[in-house]
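J.: need the 3D shape of this:
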Amino acid sequence: MNKKNIPLNERIIFALDVGSPEEAQDWVYKLESHVGFYKVGLQLFLAGWWPVIDWIVKRGHKVMVDLKFFDIPETVQLAVRQLHDRGIAFATVHGNDPIVRAAVAEKNDLKILAVTVLTSFGEEDMREMGVTCTVSDMVLLRAKRALRLGCDGVVASGLEAEHIRKEVGDNLLIVTPGIRPGANLTIPQDDQRRIVTAQDAISNGADYLVVGRPISTAQNPIAIIESMQKEIQNSLL
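T.: As a prediction, this is how the structure comes out:
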C-alpha cells in the first residue's frame with residue numbers, strides 16, 4: 001500500500017497526447033480543477049516545443065517530459081541538460097547502464113525515471129525479441145538496475161508494481177501507465193497490453209498513474225477523473 005504524501009490532484013498524470021499546443025491548452029483548462037500533473041510526450045513536444053511546457057509550468061502545474069532518451073551517453077547527458085531550470089518534475093530515459101548513468105549525472109533538480117518494459121509489450125513480444133525471461137523478471141531486473149544507478153523512479157505496469165515494491169521497498173517512485181477505469185478494464189481496445197485499474201495500481205505500490213485515452217475519449221472526462229481519484233483514495237485507506 002502506498003501512503004506517500006502526494007496530493008490527490010497529482011496522483012493522476014494526464015497524458016497530453018495531442019497534436020498542437022492549442023489542444024494541450026484546452027485540455028489543461030478543462031482538467032486543471034482536478035489534475036495538477038501533465039505528461040508531454042514526443043507528439044506534443046515536437047508540435048509545441050518548449051513554449052507548451054513553459055506554459056503548463058507557469059500555470060502552477062507539474063510536467064513529466066516523456067521523451068524516453070535513448071542515444072549514446074554523451075548525447076543523452078546533453079539532452080537532459082536542456083531540461084534544467086524549466087520547473088520540469090520528471091523525465092524518462094530508456095537504455096543500458098551507460099545511458100541511464102549519463103541521464104542521472106545531469107539530472108540537477110529533476111527526477112529521472114527509467115523505463116522498464118513498455119506497457120504495450122506482452123510475453124509474445126519478448127519472445128520475438130529473443131528474450132527468454134518473463135516481462136515481470138525483466139521489469140524487476142531493470143528496476144533494481146535503475147535504483148543502483150541513481151534513478152529516482154521507474155515507469156512500470158501496475159501488474160509489476162507489487163513485485164518491485166517487495167524487492168526495492170520505497171526507494172523508487174513507480175509511475176504507472178496502462179490505467180483503466182475500474183468498470184472498463186478491458187476497454188477501450190488500444191495498444192496497451194498490461195493494464196490495471198487505478199485502485200489496483202496504487203494498492204500494488206504505484207505512486208503516480210499516467211492516464212490519457214480513458215479520460216480524453218470519455219463523454220465526461222471530469223467524471224472519469226473523479227471516479228479514478230475515488231479508487232485511489234480507497235486504496236490508501
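
J.: quick test: name the residue nearest the centre of the chain.
T.: Note on the chain: the residue nearest the mean C-alpha position is residue 175, at 4.5 Å, using C-alpha atoms, centre = their mean.

J.: please, which helix or strand holds that residue?
T.: strand 173-176 (DSSP states H and E).

J.: run the chain-centre distance for the next helix or strand after that strand.
T.: Where DSSP H and E defines the elements, the next helix or strand beyond strand 173-176 is strand 179-180. Here strand 179-180 is found 12 Å from its chain centre; the criterion is C-alpha atoms, centre = their mean, to the nearest Å.

J.: partner strands of strand 179-180, with direction?
T.: strand 196-197 (parallel) (DSSP bridges).

J.: now tell me what touches the next helix or strand after the partner strand from outside.
T.: Proceeding N to C from strand 196-197, the next assigned helix or strand is helix 198-204, under DSSP H and E. Defining contact as C-beta atoms under 8 Å, 6 or more residues apart in numbering, one finds that helix 198-204 is touched by 1-2, 11-12, 158-159, 161-162, 165, 176, 179, 181-182, 196, 209, 211, 228-229, 231-232, 234-236. All C-beta atoms are positioned from the backbone trio N, CA, C, and that covers glycine.

J.: which among these end up buried?
T.: 2, 11-12, 158-159, 161-162, 165, 176, 179, 181, 196, 209, 211, 228-229, 231-232, 235-236 (16 or more other C-beta atoms under 10 Å).

J.: among the residues you listed, which are located in helices?
T.: 11, 158-159, 161-162, 165, 228-229, 231-232, 235-236 (DSSP state H).

J.: hang on, the earlier thing: partners of the strand holding residue 175, with directions?
T.: strand 153-155 (parallel), strand 208-211 (parallel).

J.: chain center to the first one, what's the gap?
T.: What it means is strand 153-155. Centre to centre, stretch against its chain (C-alpha atoms, centre = their mean), the figure for strand 153-155 is 7 Å.

J.: do the longest one as well
T.: A distance of 6 Å separates the centroid of the chain from that of strand 208-211, by C-alpha atoms, centre = their mean.

J.: can you name the element that comes right after the worst-scoring helix or strand of the chain on mean pLDDT?
T.: In the chain, the helix or strand scored least confidently by mean pLDDT, DSSP states H and E is helix 123-128, which has a mean of 56. Once the chain leaves helix 123-128, the next helix or strand it forms, by DSSP H and E, is helix 135-149.

J.: mind giving me the packing neighbours of that following helix?
T.: helix 97-105, strand 111-115, helix 123-128, strand 153-155, helix 158-168 (3 or more C-beta pairs under 8 Å, 6 or more residues apart in numbering; DSSP states H and E).

J.: what sits up against the last one?
T.: The set of residues that contact helix 158-168 without belonging to it, under C-beta under 8 Å, 6+ apart, is 116, 135-136, 139-140, 143-144, 147, 154, 156, 172, 174, 176, 178-179, 194-197, 200-201, 204-206.

J.: that one vs helix 135-149, what angle?
T.: Calculated by axes from the mean of the first three to the mean of the last three C-alpha atoms, to 10 degrees, helix 158-168 forms an angle of 50 degrees with helix 135-149.

J.: hey, C-alpha coordinates of helix 158-168 in PDB?
T.: Listed in PDB are the C-alpha atoms of helix 158-168, where the atom choice follows Å, rounded to 0.1, in the frame of the first residue of the first chain:
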ATOM      1  CA  GLY A 158       0.700  -1.900 -12.200                       C
ATOM      2  CA  LEU A 159       1.000  -5.600 -12.700                       C
ATOM      3  CA  GLU A 160       4.600  -5.500 -11.800                       C
ATOM      4  CA  ALA A 161       4.400  -2.700  -9.200                       C
ATOM      5  CA  GLU A 162       3.900  -5.100  -6.200                       C
ATOM      6  CA  HIS A 163       6.900  -7.200  -7.200                       C
ATOM      7  CA  ILE A 164       9.100  -4.100  -7.400                       C
ATOM      8  CA  ARG A 165       7.900  -2.800  -4.000                       C
ATOM      9  CA  LYS A 166       8.700  -6.100  -2.400                       C
ATOM     10  CA  GLU A 167      12.200  -6.100  -3.800                       C
ATOM     11  CA  VAL A 168      13.200  -2.400  -3.500                       C
END
